[in-house]
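> pasting a predicted model and its sequence here:
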There are 2 protein chains.
Amino acid sequence: MTLDFWFDFGSTYSYPAAMRIEGLAMRHGVRVSWRPFLLGAIFKAQGMSDSPFNLYPARGRYMWRDLERVCQSEGIPFRRPSQFPRNGLLAARIACWYSDAAWLPQFVRAVYRANFQDDLDIADASVVARCVTAVGQNAAEVIGQALSAESKAKLRAQTDEAARLGIFGAPFFIAGREPFWGNDRLEQAISWHAEHSSQAAISPDAAT
Amino acid sequence: MTLDFWFDFGSTYSYPAAMRIEGLAMRHGVRVSWRPFLLGAIFKAQGMSDSPFNLYPARGRYMWRDLERVCQSEGIPFRRPSQFPRNGLLAARIACWYSDAAWLPQFVRAVYRANFQDDLDIADASVVARCVTAVGQNAAEVIGQALSAESKAKLRAQTDEAARLGIFGAPFFIAGREPFWGNDRLEQAISWHAEHSSQAAISPDAAT
């Protein structure tokens, strides 16, 4: 059993979660399954044409201040992007196709840093290419594969799965069937997973 | 300087916050200002005709599960109300008019318990009357005063103030000018307040 980490590259609170999850998971012996999806498609299906943080300006203003505090308290560098939300489609296709690659977590963090530390446009293929190169991979090859029909279909299917699972925001964690929404719930999701997966691992032996 | 606690009697996450705030504030030497308002009016001004938890069912389903976990981890009894959101107008008028009364925090908790532990309709004046009686006050007198024109105007003005302050959800805490949204942020709001109000208290002396 893995802890499913659902994230969107444009999502603000996914940023601290993406920066924190691998270290926390390792310390608790939890395996993470990286599940990129397109939050914008979920919003659209709910009748929202933009992020709620843009549709409801008071909510947006609060979020930027809160995110700044969250990052500060976690020691995560943060600069408010000049554009929000940014289109993470290409990066998401890469992360979805190569979700099991050893370099994937590092690539994900590189893209988040580009967006939320360096204020770079992650919709720009050259920005994404630099993130691929930074983790020691061949950018032309990886991006070419990400733009293939099967890669596009995989991300579409994964976004459909998110909707089917009742995911309505990001970051979202699922441990077994237990849902946790938001960077604030990351520790709880990991504890829940560690507790319930060890029970699952112990039970068969206990029964014999 | 007080920590402003903005709450709505129908709001789900306001419930654990209302049950917890007085004990936490006392331990940190923080004075709480109880600020009831009508969240429904804020939603309406934003174009929402109902709670987002009803407008977006996936969000609502998650909220009920999460609230159950929050209450469980805090040792707060919880039963999902058969109706949501309940109309807390009368209770809010009382809490607004009598916001400085010594019995107010106890009254607020009694109303929240009626809604979220006993599944009683807090729109019903007899339910509210029992909450008033439970804190040793004369129900006819208190409710009569709450229904006066000046009491109605006071709650309207307070709800307008919430909107002006950028409050878009409940519970909401304001320490000085620093905003904190959600039961999850209660501890942070109290720490922030304790730290900054003691600085304010110390600075004049330090300057002399």
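Perfect, thanks for sending it.

> what ranges do the helices span in chain A?
Assigned helices in chain A, in chain order: A:14-27, A:39-45, A:52-55, A:57-74, A:89-97, A:104-116, A:125-134, A:139-146, A:149-164, A:186-207 (criterion: DSSP state H).

> which one, of those, ends up nearest to residue A:1?
Closest to residue A:1 of these is helix A:186-207 (Cβ to Cβ; 4.5 Å). For glycine as for every other residue, the C-beta is placed from the backbone atoms N, C-alpha and C.

> coming back round to it: tell me which of the helices of chain A sits nearest to residue B:170.
Closest approach to residue B:170 among the helices of chain A (Cβ to Cβ): helix A:57-74, 12.7 Å.

> so for that closest one, mean pLDDT?
The average pLDDT within helix A:57-74 is 97.

> taking helix A:104-116 as reference, get the angle to that helix.
Inter-element angle recorded for helix A:57-74 and helix A:104-116: 120 degrees (by axes from the mean of the first three to the mean of the last three Cα atoms, to 10 degrees).

> what parts of chain A come near chain B?
For chain A, the contact set with chain B under Cβ under 8 Å from any Cβ of the partner chain comprises A:46, A:56, A:58-59, A:61-62, A:65-66, A:69, A:166-169, A:179-181, A:184-185, A:188.

> buried ones among those residues?
Among the residues of chain A next to chain B, those classed as buried by 16 or more other Cβ atoms under 10 Å in any protein chain shown are A:56, A:58-59, A:62, A:66, A:167-169, A:179-181, A:184-185, A:188.

> point out where chain A drops to low pLDDT.
Filtered on pLDDT under 70, chain A yields the residue ranges A:198-208.

> give me the neighbour count for the closest residue to residue A:42 other than its chain neighbours.
Spatial nearest neighbour of residue A:42, chain neighbours left out: residue A:163 (5.7 Å); criterion: Cβ to Cβ, 6 or more residues apart in numbering or on different chains. By the criterion of other Cβ atoms under 10 Å in any protein chain shown, residue A:163 has 15 neighbours.

> residue A:163 contacts residue A:45, correct?
Yes: in this structure, residue A:163 is within contact of residue A:45 by Cβ atoms under 8 Å, at 6.3 Å.

> please report the distance of the residue lying closest to residue A:41 once chain neighbours are set aside from chain B.
Excluding its sequence neighbours, the residue lying closest to residue A:41 (Cβ to Cβ, 6+ apart) is residue A:159, at 5.1 Å. According to Cβ to the nearest Cβ, to the nearest Å, residue A:159 and chain B sit 14 Å apart.

> ok, residue A:159 touching residue A:38?
Yes: using Cβ under 8 Å, residue A:159 is in contact with residue A:38, at 4.8 Å.

> who's in contact with stretch A:62-77?
Applying Cβ atoms under 8 Å, 6 or more residues apart in numbering or on different chains, the contact partners of stretch A:62-77 are A:12-13, A:15-16, A:19-20, A:53, A:78, A:80, A:113, A:117, A:183, B:166, B:168, B:179-181, B:185, B:188.

> go again using 10 Å as the cut-off
A:12-13, A:15-20, A:51-53, A:56, A:78-81, A:84, A:112-113, A:116-118, A:183-184, B:166-169, B:172, B:178-182, B:185, B:188, B:192 (Cβ atoms under 10 Å, 6 or more residues apart in numbering or on different chains).

> give the contact list for residue A:102.
A:135-136.

> hmm, residue A:116 is touching residue A:82, no?
No: taking contacts as Cβ atoms under 10 Å, residue A:116 lies outside contact range of residue A:82: 11.4 Å.

> and these two? Which one has more around it.
Counted by other Cβ under 10 Å, residue A:116 and residue A:82 do not tie: residue A:116 has more neighbours, with 28 against 9.

> once you drop chain neighbours, what's closest to the more buried one?
Spatial nearest neighbour of residue A:116, chain neighbours left out: residue A:15 (4.6 Å); criterion: Cβ to Cβ, 6+ apart.

> residues near that neighbour, how many?
27.

> next one: residue A:26
Close neighbours of residue A:26, defined as other Cβ under 10 Å, add up to 11.

> return the distance of it relative to residue B:34.
Distance of residue A:26 to residue B:34, computed by Cβ to Cβ, to the nearest Å: 44 Å.

> how about residue A:50?
Here the criterion is Cβ to Cβ. By it, residue A:50 lies 35 Å from residue B:34.

> same question for residue A:104.
49 Å.

> more neighbours, those two?
residue B:34 (22 against 19).

> burial count for the nearest residue to the more buried one once chain neighbours are set aside?
Leaving aside its sequence neighbours, residue B:34 sits nearest to residue B:99 (Cβ to Cβ, 6+ apart; 5.2 Å). Neighbours of residue B:99 under the rule other Cβ under 10 Å: 15.
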